[in-house]
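**Student:** Below are the sequence and a predicted model for it; my questions follow.
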Amino acid sequence: MFDSNSRYYTIETSFITTSTGREVAYKRRRFLPQAPSANPVTEHTVKQGERLDHITARYLGESELFWQLCDVNNAMRPNDLVAELGRKIKITLLQA
(Lines give C-alpha, C1' and ligand atoms only; values in the text may rest on other atoms or scores of the structure.)
Protein backbone atom coordinates (compact mmCIF):
# COMPACT_ATOMS: atom_id res chain seq x y z
CA MET A 1 0.00 0.00 0.00
CA PHE A 2 2.90 2.39 0.83
CA ASP A 3 6.58 2.45 -0.20
CA SER A 4 9.07 1.29 2.42
CA ASN A 5 10.33 4.86 2.98
CA SER A 6 6.83 6.14 3.83
CA ARG A 7 5.96 7.14 7.39
CA TYR A 8 2.89 4.91 7.05
CA TYR A 9 4.72 1.77 5.89
CA THR A 10 4.82 0.10 9.32
CA ILE A 11 1.34 1.24 10.42
CA GLU A 12 -1.18 -1.58 10.75
CA THR A 13 -3.64 -2.07 7.89
CA SER A 14 -7.24 -2.61 8.97
CA PHE A 15 -10.40 -3.42 7.07
CA ILE A 16 -14.00 -2.26 7.30
CA THR A 17 -17.03 -3.67 5.55
CA THR A 18 -19.50 -1.13 4.19
CA SER A 19 -23.27 -1.53 4.31
CA THR A 20 -23.13 -2.83 0.73
CA GLY A 21 -20.73 -5.61 1.72
CA ARG A 22 -17.65 -4.01 0.13
CA GLU A 23 -14.45 -4.49 2.15
CA VAL A 24 -12.24 -1.38 2.34
CA ALA A 25 -8.62 -1.41 3.53
CA TYR A 26 -7.23 1.54 5.49
CA LYS A 27 -4.22 2.40 7.61
CA ARG A 28 -4.67 2.92 11.32
CA ARG A 29 -4.04 6.38 12.74
CA ARG A 30 -0.40 7.44 13.07
CA PHE A 31 0.53 9.49 16.13
CA LEU A 32 3.52 11.80 16.16
CA PRO A 33 6.22 9.81 17.97
CA GLN A 34 8.28 11.22 20.79
CA ALA A 35 11.43 12.78 19.38
CA PRO A 36 14.57 10.73 20.05
CA SER A 37 16.71 11.92 22.93
CA ALA A 38 19.93 11.22 21.02
CA ASN A 39 22.07 14.15 19.96
CA PRO A 40 21.39 15.34 16.43
CA VAL A 41 23.88 14.43 13.72
CA THR A 42 23.90 18.12 12.81
CA GLU A 43 21.64 21.16 12.69
CA HIS A 44 20.49 23.23 9.76
CA THR A 45 19.64 26.94 9.98
CA VAL A 46 16.67 27.85 7.79
CA LYS A 47 17.40 30.44 5.11
CA GLN A 48 15.06 32.49 2.88
CA GLY A 49 13.12 30.39 0.36
CA GLU A 50 14.26 26.98 1.60
CA ARG A 51 11.96 23.98 1.33
CA LEU A 52 11.95 21.04 3.68
CA ASP A 53 12.11 18.46 0.89
CA HIS A 54 15.30 20.09 -0.44
CA ILE A 55 16.85 20.18 3.04
CA THR A 56 15.95 16.53 3.54
CA ALA A 57 17.45 15.52 0.20
CA ARG A 58 20.66 17.34 1.10
CA TYR A 59 21.13 15.68 4.49
CA LEU A 60 19.31 12.34 4.17
CA GLY A 61 19.70 11.77 0.43
CA GLU A 62 15.96 11.38 -0.20
CA SER A 63 13.43 14.22 -0.32
CA GLU A 64 10.51 11.95 0.61
CA LEU A 65 12.02 11.37 4.05
CA PHE A 66 11.01 14.88 5.16
CA TRP A 67 8.68 13.27 7.70
CA GLN A 68 11.70 12.00 9.63
CA LEU A 69 12.82 15.59 10.21
CA CYS A 70 9.29 16.42 11.32
CA ASP A 71 9.36 13.57 13.84
CA VAL A 72 12.82 14.48 15.16
CA ASN A 73 11.80 18.14 15.55
CA ASN A 74 8.35 17.31 16.96
CA ALA A 75 6.54 19.10 14.11
CA MET A 76 3.07 18.02 13.06
CA ARG A 77 3.05 20.18 9.90
CA PRO A 78 6.15 20.02 7.66
CA ASN A 79 5.96 23.67 6.57
CA ASP A 80 6.26 24.78 10.19
CA LEU A 81 9.93 23.76 10.13
CA VAL A 82 10.84 26.26 7.40
CA ALA A 83 8.34 29.03 8.19
CA GLU A 84 10.71 30.96 10.45
CA LEU A 85 14.04 32.24 9.10
CA GLY A 86 16.94 31.33 11.35
CA ARG A 87 15.18 28.35 12.92
CA LYS A 88 17.54 25.50 13.71
CA ILE A 89 16.32 22.13 12.46
CA LYS A 90 17.78 19.04 14.12
CA ILE A 91 19.05 16.51 11.58
CA THR A 92 19.08 12.97 12.96
CA LEU A 93 18.71 9.62 11.25
CA LEU A 94 15.82 7.60 12.65
CA GLN A 95 16.00 3.88 13.15
CA ALA A 96 13.95 1.89 10.66
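**Tutor:** Yep, that arrived.
**Student:** Once you drop chain neighbours, what's closest to residue 56?
**Tutor:** Sequence neighbours aside, residue 66 is the residue nearest to residue 56 in space, at 4.4 Å (criterion: CB to CB, 6 or more residues apart in numbering). Using the backbone N, CA and C atoms, a C-beta is placed for each residue, glycine as well.
**Student:** Make sure that neighbour is actually in contact with residue 78.
**Tutor:** Yes. Using CB atoms under 8 Å, residue 66 is in contact with residue 78, at 5.6 Å.
**Student:** More neighbours: which of those two?
**Tutor:** Between residue 66 and residue 78, counting by other CB atoms under 10 Å, residue 66 is the more crowded of the two (21 against 17).
**Student:** Spell out which helix or strand contains the residue nearest the centre of the chain, please.
**Tutor:** Of all residues in the chain, the one closest to the mean position by CA atoms, centre = their mean is residue 67, 1.3 Å from it. Using DSSP states H and E, the element containing residue 67 is helix 66-72.
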